[in-house]
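[1] pasting a predicted model and its sequence here:
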Amino acid sequence: MPKKTTTPLPFTEAVRKAVRAIPRGEVRSYAQVALYAGKPGAARGVGRELKTLQNVPWWRVIRADRTLAPAVAHEQARRLEAEGVRVKRQGDHFRVQP
């Protein structure tokens with residue numbers, strides 16, 4: 001019997017699936033989400049997709065250096081802390097603690 005091939009998900013749906021798979025209280029980098037979505041190296045694309053996707057835990061996606069993007073840092077830190085993630089604030093900069 002021949003192998004059944006599946007069509008890869010469009011990038012948007014792949015990002016949605018990868019972000020929804022991040023467990024509560026954990027984070028992934030944009031690059032990790034891109035890898036899980038089947039597009040290694042498309043970290044910026046993940047950021048663009050997250051701006052348009054609804055009903056996904058976008059706050060669980062952070063920069064590779066564990067900092068939060070300034071435009072959403074306050075809200076993101078609040079949501080992460082509500083899930084038990086430690087976030088350190090230094091002035092207007094936020095960093096997720098290991």
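    Great, that's in hand. Residues are numbered from 1 along each chain as shown.
[2] what are the buried residues along stretch 40-49?
    42-43, 45-47, 49 (16 or more other CB atoms under 10 Å). Backbone N, C-alpha and C define where each C-beta goes, glycine included.
[3] residues in contact with the closest residue to Glu83 other than its chain neighbours?
    Distances taken as CB to CB, 6 or more residues apart in numbering place Gly25 nearest to Glu83, at 4.5 Å, with adjacent residues excluded. Going by CB atoms under 8 Å, 6 or more residues apart in numbering, Gly25 touches 83-85.
[4] Gln32: which of the residues you listed is nearest?
    Nearest to Gln32, judged by CB to CB, of those is Val85 at 15.4 Å.
[5] that closest one touches Val96, doesn't it?
    Yes: Val85 is within contact range of Val96, at 6.1 Å (criterion: CB atoms under 8 Å).
[6] just the CA atoms of stretch 16-28, as CSV, please.
    Taking Å, rounded to 0.1, in the frame of the first residue of the first chain, the C-alpha atoms of stretch 16-28 are listed here in CSV:
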residue,chain,number,x,y,z
ARG,A,16,-1.4,28.7,15.2
LYS,A,17,-0.9,25.0,16.0
ALA,A,18,2.6,25.5,17.3
VAL,A,19,1.7,28.4,19.6
ARG,A,20,-1.4,26.6,20.9
ALA,A,21,0.8,23.6,21.8
ILE,A,22,2.9,25.7,24.2
PRO,A,23,1.9,24.5,27.7
ARG,A,24,0.6,27.0,30.3
GLY,A,25,3.5,28.4,32.3
GLU,A,26,6.1,27.8,29.5
VAL,A,27,7.5,29.9,26.8
ARG,A,28,9.1,29.4,23.4
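[7] give the buried residues for that stretch.
    16, 18-19, 22, 27-28.
[8] repeat that for stretch 81-96.
    Those would be 85, 87, 94-96, for stretch 81-96 by 16+ other CB under 10 Å.
[9] noted, bye for now.
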